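Participant: Structure for the following, please:
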Amino acid sequence: MPRSSLSPAAVPKARPRSVAAPAAAAVTAAATVPDAVFDRLLSDIVRGVHGRGVRLPAERDLVRDLGASRVSVRDALRRLEHWGLISIRHGSGAVVRPRGQWTFDVLPASLREAEAVDGVTAASLIEDALALRRMIVLGMLELAAGRLQHGALAQARATVAQAWRSRTDLDLFAALDFQVTQQVLEAAGMLPAMWLLNKITPAYIESVRAIGRRAAVPSDYVAAHERVFDALEEGDGRRATRLMQKYMEAADRRRLSAWRKR
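Facilitator: Numbers count the residues shown, from 1 in each chain. Just a heads-up that it's a prediction; the model follows:
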């Protein structure tokens, strides 16, 4: 396994923020330096250039080869450690951790680099991520049903309508669609569930946006959510969960099919 991947081929082509080739060229846009360094190292680790147990190049080598400051390199390494990709040991440097110990934040990068990751495909990552989303949302809805009064979901209903009006702007739609679930949980006073959702939402939004560009918003989006909200306000968690499961499974099948036909 090579000790470093600071060659032009290692630059992710789809990431305009990443450090440009040649690898030794300094990053000139100061505002983007930390992100550029982080993106380069993140891409290398996700693609397996720096595999499990491999020690990253020394800090001084990263500073030299990336043309970045020591502060930017250290910031990137701290972010990688926070995401669970590396362990930083005083006196021995940064070592790549097994993929099973990474956090959910890595999902978007894994989707971008899936073709270069052994044993992983974008389709399998998407399928697993969508299934996990369904499991989380459906479980939360069933718990929320017994805590909602009639009219409690007025804000969520308004956000669904706003999302539908914004459906041609899929970036905005994705953000509003996730906000709907947050508003349901807030109305039900489910703080731990909200905190969990807040943790995973940024990575999910970026991933769903990428997937969504290949699949139109379902035509029954508003009607399906209205039926779910009615069931929740009536205290019927099972019916709400059943209705939402039917909608989400159909929508996810279309998303996955569109992805595979790209």
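
Participant: Leaving out sequence neighbours, find the closest residue to Ala68.
Facilitator: Of all residues not flanking Ala68 in the chain, Val37 sits nearest, at 5.0 Å (C-beta to C-beta, 6 or more residues apart in numbering). (C-beta placed from N, C-alpha, C; glycine too.)

Participant: What strand or helix carries that neighbour?
Facilitator: Taking DSSP states H and E as the criterion, the element that holds Val37 is helix 33-46.

Participant: got a pLDDT number for Ala14?
Facilitator: With respect to pLDDT, Ala14 scores 36.

Participant: again, but for the one 3 residues further on
Facilitator: In this prediction, Arg17 carries a pLDDT score of 36.

Participant: Surely the residue nearest to Ala68 touches Ser69?
Facilitator: No - Val37 sits out of contact with Ser69 when judged by C-beta atoms under 8 Å, with a separation of 9.1 Å.

Participant: The two: who's more crowded?
Facilitator: Counting neighbours by other C-beta atoms under 10 Å for Val37 and for Ser69 shows that Val37 has the greater number, 27 against 16.

Participant: check which helix or strand covers the nearest residue to Met244 once chain neighbours are set aside.
Facilitator: Spatial nearest neighbour of Met244, chain neighbours left out: Val228 (4.9 Å); criterion: C-beta to C-beta, 6+ apart. Here Val228 sits within helix 221-233, counting by DSSP H and E.

Participant: Tabulate the CA atom coordinates of that helix in PDB.
Facilitator: Output of helix 221-233 as PDB, limited to C-alpha atoms (Å, rounded to 0.1, in the frame of the first residue of the first chain):
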ATOM      1  CA  TYR A 221     -46.200  13.300  -1.900                       C
ATOM      2  CA  VAL A 222     -48.700  15.700  -0.300                       C
ATOM      3  CA  ALA A 223     -51.600  13.300  -0.200                       C
ATOM      4  CA  ALA A 224     -49.600  10.500   1.400                       C
ATOM      5  CA  HIS A 225     -48.300  12.800   4.100                       C
ATOM      6  CA  GLU A 226     -51.700  14.200   4.800                       C
ATOM      7  CA  ARG A 227     -53.000  10.700   5.400                       C
ATOM      8  CA  VAL A 228     -50.100  10.000   7.700                       C
ATOM      9  CA  PHE A 229     -50.700  13.200   9.700                       C
ATOM     10  CA  ASP A 230     -54.400  12.500  10.000                       C
ATOM     11  CA  ALA A 231     -53.600   9.100  11.500                       C
ATOM     12  CA  LEU A 232     -51.000  10.500  13.900                       C
ATOM     13  CA  GLU A 233     -53.400  13.200  15.200                       C
END
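
Participant: got the contact list for the helix or strand following that helix?
Facilitator: For helix 221-233, the following helix or strand on the C-terminal side (DSSP H and E) is helix 237-260. Defining contact as C-beta atoms under 8 Å, 6 or more residues apart in numbering, one finds that helix 237-260 is touched by 122-123, 126-127, 130-131, 133-134, 137-138, 141-146, 211-212, 214-215, 218, 220, 224-225, 227-229, 231-232.
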